[in-house]
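K.L.:
What follows is a predicted protein model with its sequence.
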Amino acid sequence: MLIIADENIPQVKKAFGEFGEVKLFHGRSITQKDVIDADVLLVRSITRVDKDLLEGTNVKFVATATIGTDHIDKDYLNKAGIRFADAAGCNAYSVAEYVVSAITEIFFRTGRPFQGSALGIVGYGNIGTKVDAFAKALGVDTILNDPPLKRKTGDSKFKSLEEALNCDIITFHVPLNKGGMDNTVHLLNEENINIINDGSLLINSSRGAVVDNHALKKALIKNKRFNAVLDVWENEPAIDRELLDITDIATPHIAGYSYEGKLNSTLFIYNKFCEYAGVEKKWKPDYMQLEDNIIMPRKTENNVELMKNILNNIYDINDDSLKLKEGLKLSDEQFPRYFDELRKNYRIRREFFNYKIDGSSLTGEQIEMLKSLRFEII
Ligand SMILES: NC(=O)C1=CN([C@@H]2O[C@H](COP(=O)(O)OP(=O)(O)OC[C@H]3O[C@@H](n4cnc5c(N)ncnc54)[C@H](O)[C@@H]3O)[C@@H](O)[C@H]2O)C=CC1
Ligand SMILES: O=C(O)C(=O)[C@H](O)COP(=O)(O)O
């Protein structure tokens, strides 16, 4: 069996090697010629999988080691009788932790408290539900927007997009739906961007095109009255560098790149392949136990300061932002490669549950907050 895989799927050779030859390719440059004799194609978000790539090939099974599937023409795969699998949920905690880090950093910079702030969550699926739980743990109220779920459940907890945009923080966790009733292309656009209040914080870690980047740039240039955190961009990796310059925290599509999230992505597609092929699931990734994982936070009653102090030991989102912004020095030709290299060589970022926190200087409420964020308290 010939298996063609994106070189950035971790441990893919170990996982799939038992089924045949695994050949690795750079995800942006996989062509029909590369997959012509393949039985299995394993991609990440940067490979467009459609008729142009697969017609006339031998491919019977396609999997993406990602949550998002907007790069896959599922209708074509269905018609062509090609089985498809995604890695739904694999890095949901990673993205939720990214959002906690982004809020902490911006609130620390601007001297705002978590308590009493309201967070609008657009998209209440695997990631949105985790962000909701984390926000509540921090003392942040939430407003939920998810029209498909509202139709399905009739639950009055789901509010309008306008209500979500009216919050102190707005975060997007929707798939990129290109058209239809639940279109999400330019969900935030020239018309509704003005709903965002002065001093609010906008976070997009879903897909770049969910936010009209041109409208956002115009709004920020005209009057920088709210903060913006962007992990995803229109036209990655050739992103709008003027927008990059004026974004408060700017990262190269790494919100889902926790160590666990990446390994889960391989495990999830491996498991789905085994189910498809009717073979026993033998492989499991080695998640490696973390050493030196005890954090002793400074005593403070200010929870933003406490979180900033803890996150400095785990994941300082500023480091990612500064590195991406260093790319502003490069030429337009050099930048896309730089963006991809930052992603390829991304650091090992462990999820919160790996860390133990010395609770001796913490209040009972702070201990409960940190436990809800999946830290272990000792
Ligand atoms: N930046 C990154 O590294 C990552 C980005 N993502 C992106 O995040 C997206 C969301 O991930 P999950 O929560 O796991 O997906 P999910 O499928 O579990 O949840 C998405 C939710 O959005 C809702 N939705 C659909 N259309 C909507 C609309 N027009 N308005 C409001 N809500 C709408 C759906 O009903 C669903 O509940 C993925 O599709 C992917 O594009 C996912 C992982 C990592
Ligand atoms: O899971 C998703 O969806 C994502 O956006 C990924 O975390 C992004 O990873 P790549 O596939 O672009 O490496």
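P.N.:
Structure received. Ligands and ions are numbered 1, 2, ... in the order given.

K.L.:
switch to C-alpha atoms for all contacts and neighbour counts from now on
P.N.:
Noted.

K.L.:
which of the residues in the helix or strand where E162 lies are buried?
P.N.:
Assessed by DSSP states H and E, E162 sits inside helix 161-165. For helix 161-165, burial by neighbour count (16 or more other Cα atoms under 10 Å) applies to 161, 164-165.

K.L.:
Close to ligand 2: what parts of this protein are there?
P.N.:
For the chain, the residues in contact with ligand 2 (Cα under 6 Å from any ligand atom) are 44-46, 66-68, 256-257.

K.L.:
What about ligand 1: which of those touch it?
P.N.:
Applying Cα under 6 Å from any ligand atom to these, one finds that 67-68, 256 fall near ligand 1.

K.L.:
Which pLDDT value belongs to L42?
P.N.:
Per-residue pLDDT puts L42 at 98.

K.L.:
Show me where the stretch 151-300 of the chain has its strands.
P.N.:
169-172, 201-204, 227-230, 249-250, 294-295 (DSSP state E, counting those that start in this stretch).

K.L.:
These into JSON lines, with extra columns for distance to ligand 1?
P.N.:
Output for the strands of the stretch 151-300 of the chain, formatted as JSON lines (distance: least, Cα to the nearest ligand atom, whole Å):
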{"stretch": "strand 169-172", "distance to ligand 1": "8"}
{"stretch": "strand 201-204", "distance to ligand 1": "8"}
{"stretch": "strand 227-230", "distance to ligand 1": "9"}
{"stretch": "strand 249-250", "distance to ligand 1": "12"}
{"stretch": "strand 294-295", "distance to ligand 1": "26"}
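
K.L.:
Dump these into JSON lines; add mean neighbour count as well.
P.N.:
As requested, the strands of the stretch 151-300 of the chain are exported to JSON lines (neighbours: other Cα atoms under 10 Å):
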{"stretch": "strand 169-172", "mean neighbour count": "24"}
{"stretch": "strand 201-204", "mean neighbour count": "23"}
{"stretch": "strand 227-230", "mean neighbour count": "22"}
{"stretch": "strand 249-250", "mean neighbour count": "24"}
{"stretch": "strand 294-295", "mean neighbour count": "17"}
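
K.L.:
now the helices: where do they sit in the stretch 101-250 of the chain?
P.N.:
Using DSSP state H, counting those that start in this stretch, the helices of the stretch 101-250 of the chain run over 126-138, 147-153, 161-165, 213-222, 241-246.

K.L.:
circling back: of the residues of the chain next to ligand 2, just say which sits nearest to E97.
P.N.:
Nearest to E97 out of the residues of the chain next to ligand 2 is G256 (Cα to Cα; 9.1 Å).

K.L.:
and the gap between that closest one and N264?
P.N.:
G256 is 11 Å from N264, where distance means Cα to Cα, to the nearest Å.

K.L.:
between those two, what contacts are shared?
P.N.:
Counting by Cα atoms under 8 Å, 6 or more residues apart in numbering, the contacts common to G256 and N264 are N91.

K.L.:
And E162, how far from T57?
P.N.:
Taking Cα to Cα, one finds E162 at 46 Å from T57.

K.L.:
Output the helices of the stretch 101-250 of the chain in CSV, with distance to L202 and mean pLDDT appended to each entry.
P.N.:
Shown next, in CSV, are the helices of the stretch 101-250 of the chain (distance: least, Cα to Cα, whole Å; pLDDT from 0 to 100):
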stretch, distance to L202, mean pLDDT
helix 126-138, 14, 98
helix 147-153, 20, 98
helix 161-165, 9, 98
helix 213-222, 10, 96
helix 241-246, 13, 98
